[in-house]
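Chemist: curious how this folds, go ahead:
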Amino acid sequence: MAKQLLYCWIKKFLTTDIGIRVLSRYLIYRVCKDTPRQLIKKRGESSLLLLSPERFVESEIQDLSDRGSLNILFFDKQLLHLVINIVWNHSIPLVATLEPNTASCDRECLQSNRRTLRELYSRLLPILFRRFRIRAVAGSAPHYPWNHDFGAIASKIGIPYVILMKECLITNQRHYDRIVNRYSKMEQDAIGHAVVYNRSAESAFLASGLVTKDRISVLGCIRMDRYLRKIRSGYVESCLKKKSRKQVVVFAFFHGVGLYGWVPAMPPTGGPGFFRLFSGLHEAIGTLALKRSDVDFVVKVKWPGPYPRDQILECFERVGASIESMPNLSVTAEMDAQTLIFSSHVVVSFGSTTMLEAAIARKPVIVPHFAEAIDEDYSGYIQLKDTYSVYDVARSAEHLVELIEYRLEHDRISGDTYRHRERYFEEYVSTLEGDATDRYASKLRAIMGGSGKPLN
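Modeler: Just a heads-up that it's a prediction; the model follows:
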């Protein structure tokens, strides 16, 4: 009871004038501490404040800062939650702040939460923005609730809230419809500008009404610039020359990949999801690794942690394979996806931009398309299905094994196929010129330059 009372007193104190000064000094300290020094190009110059920087690839932020000569400061997710928790009554889920007019919860309590949080931000942000000469605030998606109210208040006081959209693989109708439906329920004036990779993402944003045509730009993907430069420089060939063994990389997928609005990314066993496809793929890889001890098989999972690593290991065990006893079979979260593509002779992927990333690097790409993937119920959820003509498509687990073995010996990609690969890469991922970073930097400088005078 005493701890609870003390906690309540501290939260109450932090909303007083003295408390605001204490809290703002702590936030300033944390921004200074959390921001890498190499992202500060010119001290005293205008800056971009990046919300939840952990959602971005580190090299993307560095390239944007370097190429654009931009000061970029970090305000991480933990710090956002610290501020939110001072006033937010968590009987109302934070996600409700995104859809205040349609959320199914106590509306009065929700409005009270939003009002008190935004009042707190209205007092804190001018101090923070003056201290660091912040001229724009950026986030990686509109639907992250911990960023939303911060960005909305920044916009209200004249500092543009910019979305540098990271989730632009909107290539099936179900996903498109879900994005339009979800974003149409959000505040229409919170976002100052959105930057997306491709036209399909632009179309979804515009159809939702979240932004207008003059407040969205299609600029490609920053992290592809380095990748494309390496491809043009002959780096792919040099990587393969250094390898004494052939390698197959498999990009693992979540059981709910692409099934937006139907099931979560990690759906419960027994319900809808790509469970049979997942098992068939990894059992086939385990079987082939047992047969081909002369080839290395690397399964790349997106994030560290038990899921889906444990499920992959179970698939291996069912066919008598084990990463403990087989040096040619491994599962990794740490290795970079593009590095693995460069060093591999064959790439296996499903529902991921790695299909096109490997395609543009002239790699044989095999897409497993069997089990649930051929069921009618799933047909509207398959990502990048319209690009299947530029890959090898495995119609069964046995066919997958055949294709991998064939491609290990025959890796040539025809000129016509490669031209189609280039077209799809530009359509869904990024410009082939590799100038996305410069485009982003130019757009951000224009937005920051037009945001008015710094707060006094």
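Chemist: figure out how far stretch 67-84 is from the centre of its chain.
Modeler: Distance of stretch 67-84 from its chain centroid, counting by CA atoms, centre = their mean, to the nearest Å, is 17 Å.
Chemist: give the rounded mean pLDDT of it.
Modeler: When pLDDT is averaged along stretch 67-84, the result is 94.
Chemist: could you list the buried residues of stretch 244-259?
Modeler: For stretch 244-259, the buried set under the neighbour-count rule, 16 or more other CB atoms under 10 Å, comprises 246-259. From N, CA and C alone the C-beta is placed, and that goes for glycine too.
Chemist: ok, of those, which one's closest to Ile404?
Modeler: Taking CB to CB as the measure, Ile404 lies nearest Val248 of the buried residues of stretch 244-259, at 6.0 Å.
Chemist: where does the closest one sit: helix, strand or coil?
Modeler: Reduced to three states with DSSP: H, G, I helix; E, B strand; the rest coil, the structure at Val248 is strand.
Chemist: wait, it sits on Ile404?
Modeler: Yes. Using CB atoms under 8 Å, Val248 is in contact with Ile404, at 6.0 Å.
Chemist: and for the two, which residues touch both?
Modeler: Common contacts of Val248 and Ile404 (CB atoms under 8 Å, 6 or more residues apart in numbering): 288, 346, 348.
Chemist: any chance of those in CSV, plus pLDDT and distance to Asn328?
Modeler: Below are the shared contacts of Val248 and Ile404 laid out as CSV (pLDDT from 0 to 100; distance: CB to CB, whole Å):
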residue, pLDDT, distance to Asn328
Leu288, 98, 10
Val346, 98, 14
Val348, 98, 15
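Chemist: strands along the protein, start to end?
Modeler: Using DSSP state E, the strands of the chain run over 47-51, 71-75, 134-139, 161-164, 193-196, 216-218, 246-251, 295-300, 329-332, 346-348, 365-368, 392-394.
Chemist: what's the closest of those strands to Phe274?
Modeler: When these are ranked by proximity to Phe274 (CB to CB), strand 365-368 comes first, at 9.3 Å.
Chemist: quick one: strands adjacent to the closest one?
Modeler: strand 346-348 (parallel), strand 392-394 (parallel) (DSSP bridges).
Chemist: ok now it, how far from the chain's centre?
Modeler: Offset of strand 365-368 from its chain centre (CA atoms, centre = their mean): 22 Å.
Chemist: for Tyr144, see how far away the spatially most central residue of the chain is.
Modeler: In the chain, the residue lying closest to the centroid (CA atoms, centre = their mean) is Lys166, at 4.5 Å. From Lys166 across to Tyr144, the span is 10 Å (CB to CB, to the nearest Å).
Chemist: tell me, what's touching the two both at once?
Modeler: Contacts common to Lys166 and Tyr144, judged by CB under 8 Å, 6+ apart, are Arg55.
Chemist: hey, which helix or strand in this protein has the poorest pLDDT?
Modeler: helix 2-13 (a mean of 69; mean pLDDT, DSSP states H and E).
Chemist: low pLDDT regions in the stretch 51-200 of the chain?
Modeler: Along the stretch 51-200 of the chain, no part satisfies pLDDT under 70.
Chemist: could you pull out the helices for it?
Modeler: Secondary structure of the stretch 51-200 of the chain (DSSP state H, counting those that start in this stretch): helices at 58-68, 77-87, 107-132, 145-156, 173-184, 199-208.
Chemist: hey, which of those is tucked in deepest?
Modeler: Compared across those, helix 145-156 shows the largest average neighbour count, a mean of 22 (mean count of other CB atoms under 10 Å).
Chemist: who are the packing partners of it?
Modeler: Judged by 3 or more CB pairs under 8 Å, 6 or more residues apart in numbering; DSSP states H and E, helix 145-156 is in contact with strand 47-51, helix 77-87, helix 107-132, strand 134-139, strand 161-164.
Chemist: got a list of contacts for it?
Modeler: 51-52, 75, 77, 80-81, 83-84, 94-98, 114, 117-118, 121-122, 125, 129, 137, 139, 142, 160-161, 187, 189-192.
Chemist: who's Leu50 bridged to?
Modeler: According to DSSP bridges, beta-bridge pairing links Leu50 with Phe74, Ala138.
Chemist: what's the spacing between it and Glu433?
Modeler: 25 Å.
Chemist: more neighbours: those two, which one.
Modeler: A count of neighbours by other CB atoms under 10 Å puts Leu50 above the other of Leu50 and Glu433, at 26 against 12.
Chemist: test my guess that that one contacts Phe74.
Modeler: Yes. Look at Leu50 against Phe74 with CB under 8 Å: they come within range, at 5.7 Å.
Chemist: backbone phi and psi for Leu220, please?
Modeler: Careful, residue 220 is Gly; it's not Leu. phi 90, psi -160 (degrees, to the nearest 10).
Chemist: re the thing from before, for the strands paired with strand 365-368, which one sits closest to Lys241?
Modeler: Closest to Lys241 of these, according to CB to CB: strand 346-348, at 17.0 Å.
Chemist: contacts for the closest one?
Modeler: For strand 346-348, the external contacting residues (CB under 8 Å, 6+ apart) are 246-251, 281, 285, 341, 354-355, 358, 363-368, 400, 404, 407-408, 411.
Chemist: now, of those residues, which are buried?
Modeler: The neighbour count (16+ other CB under 10 Å) marks 246-251, 281, 285, 341, 354-355, 358, 363-368, 400, 404, 407-408 as buried among the contacts of strand 346-348.
Chemist: now tabulate the helices and strands packed on helix 145-156 in a markdown table and tack on distance to Cys8.
Modeler: Below are those laid out as a markdown table (distance: least, CB to CB, whole Å):
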| stretch | distance to Cys8 |
| --- | --- |
| strand 47-51 | 28 |
| helix 77-87 | 11 |
| helix 107-132 | 14 |
| strand 134-139 | 30 |
| strand 161-164 | 31 |
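Chemist: so which of these is nearest Asn181?
Modeler: Among the helices and strands packed on helix 145-156, if distance is taken as CB to CB, the winner is strand 161-164, at 17.9 Å.
Chemist: what are the boundaries of the helices in the stretch 351-456 of the chain?
Modeler: 354-360, 397-409, 415-428, 436-449.
Chemist: quick one, which of those gets closest to Arg21.
Modeler: Closest approach to Arg21 among the helices of the stretch 351-456 of the chain is made by helix 436-449 (27.3 Å; CB to CB).
Chemist: now the closest one - C-alpha only, PDB.
Modeler: Output in PDB follows, covering the C-alpha atoms of helix 436-449 (Å, rounded to 0.1, in the frame of the first residue of the first chain):
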ATOM      1  CA  ALA A 436      16.300   6.500 -52.100                       C
ATOM      2  CA  THR A 437      18.400   7.900 -49.300                       C
ATOM      3  CA  ASP A 438      19.000  11.100 -51.200                       C
ATOM      4  CA  ARG A 439      15.300  11.400 -51.900                       C
ATOM      5  CA  TYR A 440      14.400  10.900 -48.300                       C
ATOM      6  CA  ALA A 441      17.000  13.400 -47.200                       C
ATOM      7  CA  SER A 442      15.800  16.000 -49.700                       C
ATOM      8  CA  LYS A 443      12.200  15.500 -48.700                       C
ATOM      9  CA  LEU A 444      13.000  15.800 -45.000                       C
ATOM     10  CA  ARG A 445      15.000  18.900 -45.400                       C
ATOM     11  CA  ALA A 446      12.100  20.500 -47.300                       C
ATOM     12  CA  ILE A 447       9.600  19.500 -44.600                       C
ATOM     13  CA  MET A 448      11.900  20.800 -41.800                       C
ATOM     14  CA  GLY A 449      12.600  24.000 -43.700                       C
END
